[in-house]
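Q: pasting the sequence and the predicted model now:
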Amino acid sequence: MQAIKMPFKTLIPLFILVMSNFSSMAYWQQRADYQMDIQLDVKTHRYGGKSRITYTNNSPDILDKVFFHLYNNAFQPGSQMDIRSRTIADPDSRVGTRISQLGEAEQGWIHVKSLKLNGRDCSLEEVETILEVTLPESIKPGAKVVFEMEWEAQSPIQIRRSGRSNKEGVAYSMSQWYPKLCEYDMEGWHSNPYVGREFHGVWGNFLVNITLDSRYVVGAGGVLLNSEEIGYGYQKAGTKMKVPAGSTLTWKWKAENVHDFMWAADPDYLHDIYNVKPGLDLHFLYQNDSTILENWKALQPKVAEAIRYLSEHFGDYPYPVYSVIQGGDGGMEYPMGTLITGKRSFGSLLGVTVHELAHMWYHGMLATNEALYEWMDEGFCSYASSECMNAIAGNQDPRPHTDAYDSYLEIAGTEEEEALSTHADHYNTNRAYGIAAYSKGEVLLDQLGYVIGRKNLKKGLLNYFEEWKFRHPDSRDFKRVMEKTSGLELDWYFEYFEYSTKTIDYAVRSLSGNGSGSQIVLERAGLMPMPVEVRVELRSGAVYDYYIPLELMRGAKPVDERENTVFQQQDWPWTHPYYALEVAHTIEDILSVTIDPEGGTADVNPDNNSVEPGDVEGIYFFPE
């Protein structure tokens, strides 16, 4: 066969095309479409279910087993959640020893009675909160199969997120309530036992029919298909629907392109609908309690304002509904809805609602595996909600993330701190988890704006949403988007801040005159390198800003975002602990020198960041 010779210039675009196609083909995700029929007995708090799950194996692998989550089984004495709560140094006060004290009628459980794959029986082994399933036939790559399941369950006394009779008297908070397929992705199966932390789910559609006592009003993270039959949406404050005693109603729900389904029910729920724009309604379900009515009414226009703000700055909200439902044990996010406790001050009610709403982006649509990248969920959500609250509450604080920095700095560099790469279930303490996931995660994102520029960060967050919505991004995917947006290399930033507990500490070490100018010696006293900003204030009142990129970045952030003129300097190699900054100001003219004057970094020792007025001329030190 004669070889075909092609010019090198022709091969380059072909190579790029092949690699681009390879890159797009490399990512895959599974799909699970649920059809469920549920019947709840409000006297026994037990419910039976039939599930039909159409599962598509989009992986390149042959599957001989699958796994299901059975979350309710955690609420039994001796469970892993119970033991973990009673042995960890700082137990969650909502759990404590409560599970160990549950009686049989108060416990939670889910038991699968039968499971068939394409009509053939599967072999089942229940291992507390995980059902291990050996298949009668393999699921080939690209195959679409049908699981048919019958199961029964008991809703536990509400302890953590899910259950009945919560502390505010809400009857049912039905989250993590059904046998849910575990996710299989490029890292394999994620069949983590439920010990109280985060979640990971398979994308798909849900059709859920819920039958229960007709006195109960149901809210859910989805669209109600039979609202006219139910009368849903017509219930006014202080009124109740007239229904025959002992009758039942079936509520038919649909949720498309989601990875979970939550619902709640209570006989005293009031229901308000607030239209945000054509095609988007907010639903508010809360108890008919005179002490909370005013706050829940005032909440509605502010949530509409919040969803508009978040759509503008983080990506357009694509679903037709969002439901804010009183229930649960605090605040917890689910696709198209949230459960929140409702007896709060207005500020608290708004704050927790905005936080859970922001989870629609960082959990609902950017469905990162929260167990492995909890900071990409809670931290990014905290960043977004801080930005949103700052805007809609009218604060206009130029530094809305200060609380996150303060929280992170409480633990940074101590033995208690653990790396962000720690699995959510395996932190040594709840405090270490909370500060890492929420505070350090928020700091990571805000501080990234210092590294690449605030405009690049905002643009990058929108690019991230557009590229990865309805998928399962991880930190590498996020890093790549930010690199493409900024043109900078960011390996070093995530390697240090995600995978280590090394801290940032820069110091002004000396200031000396050198004829017509001065030399400022800076030190990297901490182990994590960063680009550095230095502000020189003169006795005349003039201000000069100097920007020193980190060589590892292979570039520099835009310097035209600041009010003051910024003078970009030669890169600082990370291996060099000292840097000599030459400035064209005599030492007599200098009033002060400050590193990171706007507080853009989580510097663990800000006391050495500046030279105070009056002390400038007394510092003469140059390290060998």
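A: Alright, I've got the coordinates.
Q: CA atoms for contacts and neighbours, from now on please.
A: OK.
Q: what lies in contact with stretch 340-358?
A: 168, 286, 291-292, 295, 299, 302-303, 306-307, 310, 324-333, 337-338, 381-382, 384-385, 388-389 (Cα atoms under 8 Å, 6 or more residues apart in numbering).
Q: and stretch 69-80, by the same measure?
A: Everything outside stretch 69-80 that qualifies as a contact, by Cα under 8 Å, 6+ apart, is 81-82, 99-102, 107-111, 128-131, 153-156, 176-182, 191, 193-195.
Q: start and end of it, how far apart?
A: 14 Å (Cα to Cα, to the nearest Å).
Q: helices of this protein, residue ranges please.
A: Under the criterion DSSP state H, helices of the chain are mapped to 8-26, 80-87, 227-230, 293-314, 346-358, 374, 380-392, 402-411, 430-434, 441-452, 454-468, 475-486, 491-497.
Q: dump those helices to CSV, plus mean pLDDT and distance to R554.
A: Shown next, in CSV, are the helices of the chain (pLDDT from 0 to 100; distance: least, Cα to Cα, whole Å):
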stretch, mean pLDDT, distance to R554
helix 8-26, 44, 23
helix 80-87, 98, 46
helix 227-230, 92, 58
helix 293-314, 98, 27
helix 346-358, 98, 33
helix 374, 97, 29
helix 380-392, 97, 26
helix 402-411, 98, 27
helix 430-434, 98, 33
helix 441-452, 98, 12
helix 454-468, 98, 16
helix 475-486, 98, 11
helix 491-497, 98, 11
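Q: among the ones you listed, which is nearest V217?
A: V217 sits nearest to helix 227-230 of all these, at 9.2 Å, using Cα to Cα.
Q: list the buried residues in that closest one.
A: By 16 or more other Cα atoms under 10 Å, the buried positions in helix 227-230 come out as I230.
Q: shift numbering so it begins at 9
A: From this message on, residue numbering opens at 9, which makes the last subject helix 235-238.
Q: so how far is it from its chain's centroid?
A: 34 Å (Cα atoms, centre = their mean, to the nearest Å).
Q: likewise stretch 137-152?
A: Counting by Cα atoms, centre = their mean, stretch 137-152 comes out at 29 Å from the chain centroid.
Q: which stretches of the stretch 459-608 of the chain have low pLDDT?
A: Scanning the stretch 459-608 of the chain for pLDDT under 70 picks out the ranges 569-571.
Q: what ranges do the strands span in it?
A: Remark: strands assigned in the stretch 459-608 of the chain by DSSP state E, counting those that start in this stretch are 514-521, 526-532, 540-546, 551-556, 574-576, 586-591, 598-603.
Q: distance to E236 added to these, as TSV?
A: Below are the strands of the stretch 459-608 of the chain laid out as TSV (distance: least, Cα to Cα, whole Å):
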stretch	distance to E236
strand 514-521	64
strand 526-532	67
strand 540-546	62
strand 551-556	63
strand 574-576	63
strand 586-591	72
strand 598-603	63
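Q: of these, which is nearest Y240?
A: For Y240, the closest of these is strand 540-546, at 57.4 Å, according to Cα to Cα.
Q: list the contacts of N572.
A: Applying Cα under 8 Å, 6+ apart to N572 gives the contacts V551, Y552, D553.
Q: tell me how far it lies from R352.
A: N572 is 44 Å from R352, by Cα to Cα.
Q: could you chop the chain up by domain?
A: 36-295, 400-505, 514-626 (automatic domain parsing).
Q: so how far is A564 from E133?
A: 56 Å.
Q: S548 too?
A: On the measure of Cα to Cα, S548 and A564 end up 30 Å apart.
Q: looking at the two, which is more packed in?
A: A564 (22 against 9; other Cα atoms under 10 Å).
Q: please name the residues that touch the more buried one.
A: So A564 contacts I460, L496, P557, L558 (Cα under 8 Å, 6+ apart).
Q: may I ask which of the residues you listed has the most neighbours?
A: Greatest neighbour count in these, by other Cα under 10 Å, goes to I460: 25 neighbours.
Q: for it, give me its contacts.
A: Residues in contact with I460, defined by Cα under 8 Å, 6+ apart, are S494, L496, A564, K565, P566.
Q: quick one, phi psi at the third one?
A: Okay, so that is A564. Main-chain dihedrals, A564, degrees, to the nearest 10: phi -150, psi 150.
Q: and it, how close does it get to I556?
A: From A564 over to I556 the distance is 9 Å, taken as Cα to Cα.
Q: out of the contacts of N572, which are buried?
A: For the contacts of N572, buried by 16+ other Cα under 10 Å: V551, Y552, D553.
Q: can you list those in CSV and add distance to A588?
A: Shown next, in CSV, are these (distance: Cα to Cα, whole Å):
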residue, distance to A588
V551, 19
Y552, 16
D553, 15
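Q: nearest to R532 among those?
A: D553 (18.7 Å).
Q: I figured that closest one hits V567, correct?
A: No - D553 lies out of contact with V567 (Cα atoms under 8 Å); the separation is 9.9 Å.
Q: shared neighbours, these two?
A: V574.
Q: widest-spaced pair of the contacts of I460?
A: L496 and P566 (10.9 Å).
Q: most centrally placed residue in this structure?
A: D385 (1.5 Å; Cα atoms, centre = their mean).
Q: excluding its backbone neighbours, what's nearest it?
A: Y370 (5.0 Å; Cα to Cα, 6 or more residues apart in numbering).
Q: do the same with W383
A: Per Cα to Cα, 6+ apart, closest to W383 is A445, 4.1 Å.
Q: how about D568?
A: Spatial nearest neighbour of D568, chain neighbours left out: V574 (7.4 Å); criterion: Cα to Cα, 6+ apart.
Q: what's across from that neighbour in the sheet?
A: With beta bridges defined as DSSP bridges, V574 has these partners: D553.
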